[in-house]
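J.: Output the structure for:
(one chain, ligands or ions: 1)
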Amino acid sequence: MDLGIRGKTALVCGASQGLGRACADALAAEGVNLVLLARTPSTLEKAADDIRERYGASVVTVSCDITTVQGRRDAVAACDKPDILITNSGGPPTGDFRGFSLDDWRKAVNDSMLAPLELIRMTVDGMMTRGFGRIINITSWAVKAPLDGYSLSTGPRLGLTGFSGNVARSVAAGNVTVNNLLPGVFDTERTKSLLGAQARQLGITVKELVKRQGQTIPANRLGNPAEFGAACAFLCSAYAGYITGQNLLMDGGRYPGIF
Ligand code: NAP
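T.: As a prediction, the model looks like this:
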């Protein structure tokens, strides 16, 4: 299926690996021009080269920290007319809330709520003027199901979720949509590092822990980032203009509720 977005331009944050990279791949496969950003130039350039080679896509890179004011300025300077915005970064640390300082909370709110909010503010009016916009925030299943040790993720991301719900309604008439994608457990570098730490604590191998995790998921496996990218590309498509203000949970059926 041709998603009808060939020639559009996407600003993809946190794009050198993992879920952001998967979104970049899926958009490139649809003929979307990409502006990719991440902090580490070497891995970012490697991802960009790989995407150019695989899809023949036009790819510009911006090495910056999206959680800083300057980083966001650099990103928008490199992509001043995005049709598609994917907000994403590395995610906050896990742990018991008793161990988190006020500064830890400020950082988490800045990284997981204010940074995406600011990027939306800086780009959404241009999308309205041009009559097309697709904004996707990569959040987390922790928004729907409070998880032990994930308080720094749940709180700030719920703030972003509330904001996106509001802004989605205010821009819908301009063919601009705002949706959140909520990953469950996907097979990415971040997941490997989180599972690695957990496996060490339990005294088992990562392979064994992945198997145990899989058994708690009805799909009986971790998510494949390509599946995530495909869902993202569809929500960015010309055909998804009537889907807005939504939170799409992708967790292999792990969340136990009907809705
Ligand atoms: P990942 O594999 O660690 O990839 C993160 C990407 O973001 C990298 O390209 C990284 O490159 C970039 N990045 C990190 N901090 C950044 C910053 N401040 N500015 C710009 N780029 C930044 O992570 P992932 O697994 O894809 O997860 C992506 C998001 O989804 C995270 O917020 C995570 O908490 C959330 N999530 C993931 C899962 C999952 O199963 N994977 C589940 C729930 C929620 P640099 O380090 O070079 O900047």
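J.: for Leu11, phi and psi?
T.: Main-chain dihedrals, Leu11, degrees, to the nearest 10: phi -100, psi 110.
J.: I'd assumed Cys79 was in contact with it.
T.: Yes - using CB atoms under 8 Å, Leu11 makes contact with Cys79 at a distance of 4.3 Å. Quick note: C-beta positions are derived from backbone N, CA and C, even for glycine.
J.: Compare these two (neighbour count), which wins?
T.: Using other CB atoms under 10 Å as the criterion, Leu11 and Cys79 rank with Leu11 on top: 27 against 23.
J.: ok, that one - contacts?
T.: By CB atoms under 8 Å, 6 or more residues apart in numbering, the contact set of Leu11 is 35, 37, 75-76, 79, 82, 84-86, 119, 123.
J.: Helix or strand for Cys232, just tell me which one.
T.: Element membership of Cys232 [criterion: DSSP states H and E] is helix 225-235.
J.: And the contacts of that helix?
T.: 3, 5, 18-19, 21-27, 29-30, 86, 134, 136, 177, 179, 181, 183, 186-188, 240, 243, 248, 250.
J.: are any of the residues you listed buried, and which?
T.: 3, 5, 18-19, 21-27, 29-30, 86, 134, 136, 177, 179, 181, 183, 186, 188, 240, 248, 250 (16 or more other CB atoms under 10 Å).
J.: near the ligand too, which of those?
T.: 18-19, 183, 186, 188 (CB under 6 Å from any ligand atom).
J.: residue boundaries of the strands in the stretch 151-259 of the chain?
T.: 176-183, 247-250 (DSSP state E, counting those that start in this stretch).
J.: Which of the three states applies to Ile86?
T.: The local conformation at Ile86, judged by DSSP: H, G, I helix; E, B strand; the rest coil, is strand.
J.: Pull out the CA atoms of the helix holding Cys232 and give them to me as PDB.
T.: Provided in PDB are the C-alpha atoms of helix 225-235 (Å, rounded to 0.1, in the frame of the first residue of the first chain):
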ATOM      1  CA  PRO A 225      11.100  -2.500  16.000                       C
ATOM      2  CA  ALA A 226      10.000  -2.800  12.300                       C
ATOM      3  CA  GLU A 227       6.500  -3.500  13.500                       C
ATOM      4  CA  PHE A 228       6.600  -0.300  15.500                       C
ATOM      5  CA  GLY A 229       8.000   1.700  12.500                       C
ATOM      6  CA  ALA A 230       5.200   0.400  10.300                       C
ATOM      7  CA  ALA A 231       2.500   1.600  12.700                       C
ATOM      8  CA  CYS A 232       4.200   4.900  12.900                       C
ATOM      9  CA  ALA A 233       4.300   5.200   9.100                       C
ATOM     10  CA  PHE A 234       0.600   4.400   8.800                       C
ATOM     11  CA  LEU A 235      -0.300   7.100  11.400                       C
END
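J.: Present the strands of the stretch 151-259 of the chain as TSV; the columns should include mean pLDDT and distance to Arg169.
T.: Listed next are the strands of the stretch 151-259 of the chain as TSV, based on pLDDT from 0 to 100; distance: least, CB to CB, whole Å:
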stretch	mean pLDDT	distance to Arg169
strand 176-183	98	9
strand 247-250	98	14
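J.: Would you mind putting those into JSON lines with distance to Ala168 alongside?
T.: Shown next, in JSON lines, are those (distance: least, CB to CB, whole Å):
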{"stretch": "strand 176-183", "distance to Ala168": "4"}
{"stretch": "strand 247-250", "distance to Ala168": "11"}
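J.: So for Met127, which of the ones you listed sits nearest?
T.: strand 176-183 (4.7 Å; CB to CB).
J.: Helix or strand: which one has Arg134?
T.: strand 133-138.
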